[in-house]
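**Student:** output the structure for:
(chains A and B)
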There are 2 protein chains.
Amino acid sequence: MSMRSSTRTLLRQLKPRNNALTSAIPLTTARCIHSPPPRKSSSNPAMAFPCLDALESRSQTLLSDRSSPSGPEPSYTVGETQKYTCEEPLLLDWGGVLPSFDIAYETWGTLNKDKSNVILLHTGLSASSHAHSTEANPSPGWWEKFIGPGGPVDTDKYFVICTNVIGGCYGSTGPGSVDPANGERYATRFPILTMDDMVRAQFRLLDHLGVEKLYASVGSSMGGMQSLAAGALFPERVGRIVSISGCARSHPYSIAMRHTQRQVLMMDPNWNRGFYYDSRVPPHAGMKLAREIATVTYRSGPEWEQRFGRRRADSSKPPALCPDFLVETYLDHAGEKWCLTYDPNSLLYVSKAMDLFDLGVEHRRATLARRRERQEAMRKGDSEAVAAPAACTLTLPETPYEEQPESQVDTTEPSVPGSSRPPEDLIQGLKPLRDIPTLVMGVASDILFPAWQQREVAEALRLSGNRNVTHMELSEEMSLFGHDTFLLDLKHVGGNIRLFLG
Amino acid sequence: MSMRSSTRTLLRQLKPRNNALTSAIPLTTARCIHSPPPRKSSSNPAMAFPCLDALESRSQTLLSDRSSPSGPEPSYTVGETQKYTCEEPLLLDWGGVLPSFDIAYETWGTLNKDKSNVILLHTGLSASSHAHSTEANPSPGWWEKFIGPGGPVDTDKYFVICTNVIGGCYGSTGPGSVDPANGERYATRFPILTMDDMVRAQFRLLDHLGVEKLYASVGSSMGGMQSLAAGALFPERVGRIVSISGCARSHPYSIAMRHTQRQVLMMDPNWNRGFYYDSRVPPHAGMKLAREIATVTYRSGPEWEQRFGRRRADSSKPPALCPDFLVETYLDHAGEKWCLTYDPNSLLYVSKAMDLFDLGVEHRRATLARRRERQEAMRKGDSEAVAAPAACTLTLPETPYEEQPESQVDTTEPSVPGSSRPPEDLIQGLKPLRDIPTLVMGVASDILFPAWQQREVAEALRLSGNRNVTHMELSEEMSLFGHDTFLLDLKHVGGNIRLFLG
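**Tutor:** So this is what the prediction gives:
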């Protein structure tokens, strides 16, 4: 085989539909693509795949955009924020170091004289610091109606700070940032992150601003983990906690749902093990699909039953393997809108940090021991021990987990989590929060952070000796919006926050 | 750029980790892969991705297997079955035709003289006809303990028939079968299928066996759709119905979960729009991940909480972006075991058929009209009208579905499906089943076919005039096994089947 023909073979492998790649196709236009006719005609014609044509076309467009010499360097950062640069290195809990780091943040309201009216607002996985419009960035924030003069988070009373988490891509240091050590982007040389790392970075900002004690630590979803983590890390510096649709330790079902999102993304050849920055096409197809899976976990079945039912996008057309039902085109659109707005590596690191979250006492002790050891090494200038562990991280066990044979499955008396006493490990782990008044809210229709997890948090807090725990659970009659309720339900969620903050 | 160097560039694009592809790596072996060192050293080392190494290694192994001239033609069919070949063409409900088709089936028990003791057992999405061991195939079946002398489905009394559905890959005609019209595999020239198509094919087998009326139509999951569909299509030929963890119409949440699985698979470049048979590497990575997502929907959070908790596969190692928690390695292993045992195209077609399932009267009327029209065309020899519709199926609407602005979201009084009266469309649609005693079972911990769907079936049947409806719902205290309960819970599921069949 000549080199020329082998090149052609490779090209065919790369581009199974060469013709679909040579021109940009508007996303919503169907194209009649016919397979080369077989020698005899088949019983039925071949199907078309407009959803794949669209993906290929997008790859092609991105490739030409990026290869143009005048093309802008892609950036996921949007909107004007304030920036704090911390020059003191941050040792991360699972190894590795950030020699210095930035935190992008925004504020609303006025800091009072003794700096005692500060509310630190923690975000969900992919949110920026833009919780509310500002003068510098007047576009509406993700909690626009929850924050403001007289609002549930009242800016007439409080000085609200929201940060982009480290690991994110909206101005804070993350995998897309440049490593000062070598001038290259971190990519997957970024170290594994934890919720504690993110919160410790936030408290560096508070130190910088001279805020000794928070009036309240408030957050939903991942932010609901962080608002608790802040209390566990710095109990003396947190006056109140609001934790909405969060948890005190990630449970395996949520881990599983995030796992599938990460795997989808990592399987996109364009992800290229994290090194897609600069001149390459980013893994937009993997990101799109990861977002579609995430969207499934953010809402509830009953809500979609009401909103979409079984309506098809175009019922005059026969069904297809590409998106067809309205709920599918909705997911497709949700993925489409998002896939180029968030850094794929940030998704991996922040999502993983959520999996690793555990406020149990055993986990805390192990973390503290590691932290001390590495601070010691840092002091001694042992850079080997400071850097992240060797790249050779074995992750698959020698013997894969085997499904239990049916006969051994005990179907007699399973105990339902949330209906029994929380584990002692968690009760002990929440002891540092004993004196912090806490509001815990959950939503019955949430499948990602199910309501039993917030019941568990509240119960463990009470059993650890906390006498100021308020627990609210929104029933299915109150909200069918599942995990997303915290973004939508001003009446119940907002109302309870207002009552609690006083 | 010479051809030689452009080939090298292409090769690099195809194989970002060339060294990982040149040798087969055992799946459970970790490898220390170091990125080429940057000019200056980075703050932290690069991560390893053993899960991606494993996938690439598998692709490589499959490629060499297939390209060896003596390599066996891959086949997904396993085990000895009986086979019925129907030479009369089957017109499919959404257009297209199977000029002839095979049905693989197995039987247990003895057919009585007047052929009145037949139970037709319908399978889940990916199951074969091998529900129980046979003399020809002694390996245990997927319902081994539910079938047998004196068992819940008692082979001392009944003659049990189980078929592989058309569209499947275990001996019945599906996308991997050869189209008699041109001698090539159908691939995605296979027409869109429906539950009705599958059941109508099954009844051709019953005709062939001379079975006029079933003692019972029994099924779980997709089979629970089909057991109802059989009653709706052939009310005079069905004596009893058992429908476990099924539904009367797919709801948008289940569609969404199947959508993500199909999309994952279709995005695998090896899927190649369905044309991966013979000499190509099948889309094993897409299949693996599709199965992982499916596995998430088959079980329940509380069960995984008990089984896996937050245990990591190897807690002596630092966390990684590849599978790490035990629940992740479990999913990884579940996908791994399955990814080469089921035909990817069968997954697409059968999963899509589930989405399209709707026993509402409006859908039935439209289907009947189309069916009559095409039978007429067939009679007249109009092959154009008989074939599937043109390949140009527009699936994305001109205007994508837009999320409602927050202010328009009505959070006041949502009605929870299953707690209100079923829609009139469904009540009317179930009228044909009015005289068929029916057992409907659901499981509270099922998220794929949630318990409100079985309540809906039972209630709609009753409102349609059926006075012999038995409805059972297994509480979370009875089963935490979610959708998979029907495979595991001999006591409650088996016990109720036995009681009902009499």
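**Student:** wait, residue A:89 sits on residue A:98?
**Tutor:** Yes. Using CB atoms under 8 Å, residue A:89 is in contact with residue A:98, at 6.5 Å. No exception for glycine: its C-beta is placed from N, CA and C like everyone else's.
**Student:** compare those two and say which is more crowded by neighbours.
**Tutor:** For residue A:89 and residue A:98, the more surrounded residue by other CB atoms under 10 Å in any protein chain shown is residue A:98, and the numbers stand at 27 against 14.
**Student:** check contacts around the spatially most central residue of chain A.
**Tutor:** What sits nearest the mean C-alpha location of chain A, by CA atoms, centre = their mean, is residue A:125, with 2.6 Å. Residues in contact with residue A:125 (CB atoms under 8 Å, 6 or more residues apart in numbering or on different chains) are A:221, A:222, A:347, A:350, A:351, A:354.
**Student:** and it, helix, strand or coil?
**Tutor:** The three-state label given to residue A:125 by DSSP: H, G, I helix; E, B strand; the rest coil is coil.
**Student:** ditto for residue A:257
**Tutor:** Secondary structure, three-state DSSP: residue A:257 is helix.
**Student:** please name the nearest non-neighbouring residue to it.
**Tutor:** Ranked by CB to CB, 6 or more residues apart in numbering or on different chains and with sequence neighbours excluded, the top spatial neighbour of residue A:257 is residue A:297, at 5.0 Å.
**Student:** so how far is residue B:185 from the one you found?
**Tutor:** The gap separating residue A:297 from residue B:185 is 36 Å, by CB to CB, to the nearest Å.
**Student:** is stretch A:455-466 positioned near chain B?
**Tutor:** No. Interface with chain B: stretch A:455-466 contributes nothing (CB under 8 Å from any CB of the partner chain), its closest point being 10.2 Å away.
**Student:** re earlier: hmm, which two among the contacts of residue A:125 are most spread apart?
**Tutor:** Largest separation among those by CB to CB: A:221 and A:347, giving 14.4 Å.
**Student:** the stretch 351-500 of chain A: strands as residue ranges?
**Tutor:** Along the stretch 351-500 of chain A, counting by DSSP state E, counting those that start in this stretch, strands occupy A:438-443, A:469-474.
**Student:** single out the most deeply packed of those.
**Tutor:** strand A:438-443 (a mean of 27; mean count of other CB atoms under 10 Å in any protein chain shown).
**Student:** distance from the chain centre to that one, please.
**Tutor:** Relative to its parent chain, strand A:438-443 has a centroid offset of 20 Å by CA atoms, centre = their mean, to the nearest Å.
**Student:** check which helices and strands it sits against.
**Tutor:** strand A:241-244, helix A:451-463, strand A:469-474, helix A:485-488, helix A:495-501 (3 or more CB pairs under 8 Å, 6 or more residues apart in numbering or on different chains; DSSP states H and E).
**Student:** buried set for stretch A:326-337?
**Tutor:** By 16 or more other CB atoms under 10 Å in any protein chain shown, the buried positions in stretch A:326-337 come out as A:326, A:327, A:328, A:329, A:330, A:331, A:332, A:333, A:334, A:335, A:336.
**Student:** work out for me the element the last one sits within.
**Tutor:** Applying DSSP states H and E as the criterion places residue A:336 in helix A:326-338.
**Student:** report the buried residues of stretch A:265-274.
**Tutor:** A:265, A:266, A:267, A:268, A:269, A:270, A:271, A:272, A:273, A:274.
**Student:** can you list the neighbours in contact with that stretch?
**Tutor:** Under CB under 8 Å, 6+ apart, the answer for stretch A:265-274 is A:59, A:175, A:187-188, A:276, A:280-287, A:289-290, A:344-345, A:347-348, B:16-17, B:47, B:49, B:51-52, B:55, B:267-269, B:285-286, B:289, B:321-322.
**Student:** and the residue of chain A positioned farthest from its centre, which of the three is it?
**Tutor:** What lies farthest from the middle of chain A is residue A:40; by CA atoms, centre = their mean that is 51.5 Å. Under three-state DSSP, residue A:40 falls in the coil class.
**Student:** now it, nearest residue through space, not along the chain?
**Tutor:** Here the residue nearest residue A:40, using CB to CB, 6+ apart, is residue B:182, at 3.8 Å.
**Student:** and if you look at residue A:321?
**Tutor:** In this structure, residue A:321 finds its nearest non-sequential neighbour in residue B:348, 5.4 Å apart by CB to CB, 6+ apart.
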